[in-house]
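Asks: attaching a predicted model along with its sequence, questions to come.
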Amino acid sequence: MANRRLTFRLYPTKVQKEKLFLGRKLHQLLYNACVAHRRFEWRKNRSNVDYFTQQNALPGFRQQWSDYQQLNLSSLQATVKRVDLAYNAFFKGIRKRPKFKSIKNYSGWTYPDGRQGFKVQIECSQKYAVNCGWVTLNDLGMRLRMRGRFKYWGKPTTCTIVYRPHQDEWYASFSIKTSEPKRLFGSKSPLDYESMVAFDLGCETALTCYDGYGFDSISNPRFDREFAPKIQQASRQLKRKQRPIKGKQKASSRWKKAKRKISKLKAKQSAVRQDWQHKVTTDIASCYDIVVTEKLNVKGMTRKAKTGKRKKQKAGLNRSVLDVGFGTLNQMALYKILGKGGLHITIDTRRVKPSQRCPSCGTVHKEWAQLSNRYHVCDDCGFEVPRDQGSVMVMWNVAAYRQPGLGTGLVNRRCSSSTDSTRKHTGSMKQLGQVKRSKSQSADFVDGDLETPSVYTAG
Ligand SMILES: [Zn+2]
């Protein structure tokens, strides 16, 4: 069983649009009401309101405000849950204190239950490409036309309605349960576990691959170089227009137009980036059956430099890291490989030290850790290799049991397949269900990893 998220564009009629806007407004007001409730209780009684208190107050709330009676109860609960998630993230120190949301920033709402609330009909499905269909929202009483292109379809478990204000477009995003991994790419069969590739993400070369025979590198496409000047110019134009000031003046129509231009440019940039990411990862997934990567820490990589000279330099580095979208790239490669039944192996960076280890003899060189050290020459065996290529070679060697200087067996090297996540427990709907279940069964609930265990077992 694999979970996937598929997003369809919706095509509402004028009347349907009005209803959608009403639904969004009601959910926004509910969200703000929940935030206000929590703030009030804290200020007055120094007590924390939890999710269940607010959830149990919903029926009474609905009786008071008759507009909410038409809306699906579980979707209202999901909105209350959003507030709870935001507060939990705040308590864990991941985010700032939740704010009241203006309707401009309010995206939409969710139907968390696949059995009620919404119904999906998929039309004209070709062999693997689903093209269009209908989604019925029971509570708003309408059937919406939708379009999207996907290679698979399954049982929808949740549906999220999203509005993107700058494009003035509506979307329906489903999470789908697919029954079994299907081969989506390539025609090689059966799976060949000999074909293994290690890849590493970098800044100058976005991607360096090693498959045991040779290297391949993909240079950083630097989308920001193409788009940043245009966005900059558009923002300069925006500054000259009459901007909205709360309670004083409305935005001029030229300001709105300029604003729309900027968001269009940004949307274009992200579309171009996504297209590139899909092409690169599909390419990898179609050629190889095992992918080896190291655990990467994008947050750490893009941390702000605090002082002095390095500030600007680090900002530039961060931009180029974020521009490629390392996190997404990694995830895409992972789900595509797993989707076709392949394996994904993560190397423990701290234990293996791919960037400091000589691929030929296994000696660890501490001075190789510095990023300025672009070309590595081993003192012990004389092996020469460029930095990025050396580290992917080590990673590949480790996964293939061929790295000298390390014990045999993946277990010894603490490798793991990368579905184990380091996500903190913030009490999502899924996690909440787990808490409830384990409470009723026994008291020993283990906080933390609730993801399904990996396909890969070492040894
Ligand atoms: Zn060496």
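Replies: Noted; the coordinates are in hand. Residues are numbered from 1 along each chain as shown.
Asks: list phi and psi for the residue nearest to the spatial centre of the chain.
Replies: Compute the mean C-alpha point of the chain, and by CA atoms, centre = their mean the closest residue is Thr328, 6.3 Å away. Thr328 has phi and psi values of phi -70, psi -40 when expressed as degrees, to the nearest 10.
Asks: read off the pLDDT value for it.
Replies: Reported pLDDT at Thr328 in the predicted model: 81.
Asks: give the contact list for it.
Replies: Taking CB atoms under 8 Å, 6 or more residues apart in numbering as the criterion, Thr328 is in contact with 274, 277. For the C-beta atoms, the positions are set from N, CA and C on the backbone; glycine is no exception.
Asks: quick one: it from Thr282, how far?
Replies: Computed as CB to CB, to the nearest Å, the Thr328 to Thr282 distance reads 14 Å.
Asks: and the residue of the stretch 201-350 of the chain found nearest the ion, what are its bridge partners?
Replies: For the stretch 201-350 of the chain and the ion, the shortest gap (CB to the ion) falls at Tyr210, measuring 16.7 Å. Beta-bridge partners for Tyr210, by DSSP bridges, are Ala198, Phe215.
Asks: report how many residues lie close to it.
Replies: 26 (other CB atoms under 10 Å).
Asks: over to Ala258?
Replies: Close neighbours of Ala258, defined as other CB under 10 Å, add up to 20.
Asks: list the buried ones in the one helix or strand Ala78 maps to?
Replies: When elements are defined using DSSP states H and E, Ala78 is found to belong to helix 73-91. Residues of helix 73-91 classed as buried under the neighbour-count rule (16 or more other CB atoms under 10 Å) are 73-89.
Asks: again, but for stretch 50-70
Replies: 51, 54-55, 57-58, 61-62, 68.
Asks: can you give me how far that stretch is from the chain middle?
Replies: In this view, stretch 50-70 has its centroid 31 Å away from the chain centroid, taken as CA atoms, centre = their mean, to the nearest Å.
Asks: what mean pLDDT does it get?
Replies: Here the mean pLDDT over stretch 50-70 is 90, rounded to a whole number.
Asks: same question, stretch 156-175
Replies: Averaged across stretch 156-175, the pLDDT comes to 90.
Asks: using PDB, write out every CA atom in it.
Replies: The C-alpha coordinates for stretch 156-175 follow below in PDB (Å, rounded to 0.1, in the frame of the first residue of the first chain):
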ATOM      1  CA  PRO A 156      -9.100   8.300  -2.500                       C
ATOM      2  CA  THR A 157      -8.900   8.700   1.300                       C
ATOM      3  CA  THR A 158      -9.000  12.400   1.700                       C
ATOM      4  CA  CYS A 159      -9.900  15.400  -0.400                       C
ATOM      5  CA  THR A 160      -8.600  18.900   0.100                       C
ATOM      6  CA  ILE A 161     -10.100  21.900  -1.700                       C
ATOM      7  CA  VAL A 162      -7.600  24.600  -2.400                       C
ATOM      8  CA  TYR A 163      -8.000  28.100  -3.800                       C
ATOM      9  CA  ARG A 164      -5.000  29.900  -5.300                       C
ATOM     10  CA  PRO A 165      -6.100  33.500  -5.200                       C
ATOM     11  CA  HIS A 166      -3.500  35.000  -7.500                       C
ATOM     12  CA  GLN A 167      -4.300  32.600 -10.300                       C
ATOM     13  CA  ASP A 168      -8.000  32.600  -9.300                       C
ATOM     14  CA  GLU A 169      -8.100  28.900  -9.700                       C
ATOM     15  CA  TRP A 170      -9.600  26.100  -7.700                       C
ATOM     16  CA  TYR A 171      -8.000  22.700  -7.100                       C
ATOM     17  CA  ALA A 172      -8.900  19.400  -5.500                       C
ATOM     18  CA  SER A 173      -6.100  17.500  -4.000                       C
ATOM     19  CA  PHE A 174      -6.700  13.800  -3.100                       C
ATOM     20  CA  SER A 175      -4.600  11.400  -1.200                       C
END
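Asks: element containing His344?
Replies: Using DSSP H and E, the secondary-structure element containing His344 is strand 343-347.
Asks: quick one: mean pLDDT over the next helix-or-strand element following that strand.
Replies: On the C-terminal side of strand 343-347, the nearest following helix or strand under DSSP H and E is helix 349-352. Along helix 349-352, the predicted local confidence has a mean pLDDT of 78.
Asks: go on, stretch 215-226?
Replies: Rounded mean pLDDT across stretch 215-226 is 82.
Asks: mind listing what's buried in it?
Replies: The neighbour-count criterion (16+ other CB under 10 Å) identifies 216-218, 220-221, 223-224 as the buried residues of stretch 215-226.
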